[in-house]
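Kindly generate the corresponding structure for this input.
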Amino acid sequence: MTAHRPVTTPLCLLLALAAARPARAQQADLATTYRAAADSLIRGATADSAAYERLGRLVDTFGNRLSGSASLEAAIDWVLGQMKADGLENVRGEPVMVPRWVRGAESVDLVKPRAARLVMLGLGGSIGTPKAGITAPVLVVASFEELERRAADAKGKIVLFDTPFTEYSATRRIRTDGPSAAARVGAVACLIRSVASASIRSPHTGQTHYDSTGAKIPAAALSVEDAMMLHRFQDRGEPVVVTLRMGARTLPDAPSRNVVAEIVGREQPDEVVVVGGHIDSWDVGQGAMDDGGGAVAAWESVRLMQRLGLRPRRTVRVVLWTNEENGGRGGNAYAASQAGRMGKHVLAMESDNGVFNPKGYVLAGSDSAAAVVQRVAALLKPINATGVQRVTESPAADITPLAEAGVPAMELDVDGPRYFWYHHTDGDTLDKLDPAEMARCVAAMAVMAYVVADLPEGLGRTTN
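Okay, the predicted model is just below:
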């Protein structure tokens, strides 16, 4: 017989196996404890099109909802009334003073090399033109660097940035910083190629920011197609002249509100999980995708818990922030109101990328928070929304002040390549969303919010 040597296991492997057992046990315990509730929330959210129908009522009735507008305030009144009818607790509007920018009549007309009406939208916060407009030659550049190289050619002209879309955070710098860059080299107005991943001659608006130390010049977005056409004229050596007319103006700040409602925790009501979206939109389209859908999905996730009789240990609070699009006053006001209670916030979750098919979550938080979130996300396997991406900065605008105070911050991660087709355009309407996908978004927000709010221990905070 051949003698067999005893099998030995290295000490490091034994230690690793020992460390893995508690993690596996925690995963099994969480799955065992919360599987029934998670499945109930998923079934409840996906059983019908209630969220989509409520979103339709919101956007069809009130339309777009720019900060400071009557339509925004009427929509907020309606939401508050519906939340009370839903039986949610502590329903309230928390006052916020918001900026009020008015678009006015606007146009861009091509004068040379031929006469044509171009398709445009003024950029939020822009100043207006003189009543007769501004007629001037156009200098087309593709980047800030090209503008610097051609600074001597820009004086007295309308600078057009024809910058192709790459990814949003990089390309939108043309929109936010382009007008002031053009003003610094003596331009009389600024046009940009719309920040869009696709276009059917559909211009995209959005906020611009003026350098406080420099001149302010009128600023507008052209459709992708029109911007490219003007660039081709220039490349052929044909002089380009346009007339820009904008009636834009900024009025005094106006009163608005953050919308707040809760399910009060049964054991630790002073600790809070926040879910939300922003209730305002730009003044084009219906604001259905950005961000009516996210706001309603967050609201419906809390209403669903209430309807199913699921009251977690901690309070779940839905917040529909005002003025995300052109000021961020709602997010800042909420954080300021909670300054003395920031340590009681366990998680802040926002949906602001369209309620397309959910893939999981994007998290800015500690390693311990990520470990818990990954275990909770596993409960979303029935709808394939188990992914967890980690980022180092807040993934969404309204929860940034909370993230900066150390609160774990999360955004719903969705399959959203279509988002920048319609973002900030007249095409942001209800039909761009799918009822079943929106229902799955409600499920993903509800399961994460409920389980985190009910866990015996909270999430680990980030270090600041």
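
So residue 231 lies in a helix, does it not?
Yes: the assignment for residue 231 (DSSP: H, G, I helix; E, B strand; the rest coil) places it in a helix.

show me what contacts it?
Counting by C-beta atoms under 8 Å, 6 or more residues apart in numbering, residue 231 touches 140, 142, 160, 162. All C-beta spots, glycine's among them, are computed from the backbone N, C-alpha and C.

Quickly note the distance from it to residue 86.
Distance, residue 231 to residue 86, using C-beta to C-beta, to the nearest Å: 52 Å.

what's the model's confidence in the one helix or strand residue 257 maps to, averaged?
Secondary structure assigned from DSSP states H and E places residue 257 in strand 249-263. Computed over strand 249-263, the mean pLDDT rounds to 98.

didn't residue 362 look like it was pressed against residue 413?
Yes: Residue 362 is within contact range of residue 413, at 4.9 Å (criterion: C-beta atoms under 8 Å).

The residue sitting nearest the centre point of the chain in helix, strand or coil?
Against the mean C-alpha coordinate of the chain, by C-alpha atoms, centre = their mean, the closest residue is residue 352 at 3.0 Å. Under three-state DSSP, residue 352 falls in the coil class.

Would you agree it is in contact with residue 275?
No: counting by C-beta under 8 Å, residue 352 does not reach residue 275; the two are 11.9 Å apart.

Pull up the gap between residue 317 and residue 384, please.
Per C-beta to C-beta, residue 317 is found 28 Å from residue 384.

Same drill for these two, tell me which one is more crowded.
Between residue 317 and residue 384, residue 317 has the larger neighbour count (other C-beta atoms under 10 Å), namely 26 against 12.

Which stretches in the stretch 1-150 of the chain count as strands?
Per DSSP state E, counting those that start in this stretch, the stretch 1-150 of the chain carries strands over the ranges 89-102, 106-112, 116-118, 120-122, 134-141.

Buried deepest among those strands, which one?
With neighbours taken as mean count of other C-beta atoms under 10 Å, the strands of the stretch 1-150 of the chain reach their highest mean count in strand 120-122, at a mean of 26.

Just the pLDDT for the residue lying closest to residue 39 once chain neighbours are set aside.
Excluding the flanking residues, the one nearest residue 39 by C-beta to C-beta, 6 or more residues apart in numbering is residue 382, at 7.1 Å. pLDDT recorded at residue 382 is 98.

Are we agreed that residue 382 is in a helix?
Yes: the assignment for residue 382 by three-state DSSP puts it in a helix.

isn't it right up against residue 42?
Yes: between residue 382 and residue 42 there is a contact under C-beta under 8 Å: 5.5 Å.

So between those two, which is more surrounded?
More crowded of residue 382 and residue 42, by other C-beta under 10 Å: residue 42, with 24 against 15.

Which helix or strand contains the nearest residue to that one once chain neighbours are set aside?
Among residues not flanking residue 42 along the chain, residue 443 sits closest, at 4.5 Å (C-beta to C-beta, 6+ apart). Per DSSP H and E, residue 443 falls inside helix 435-454.
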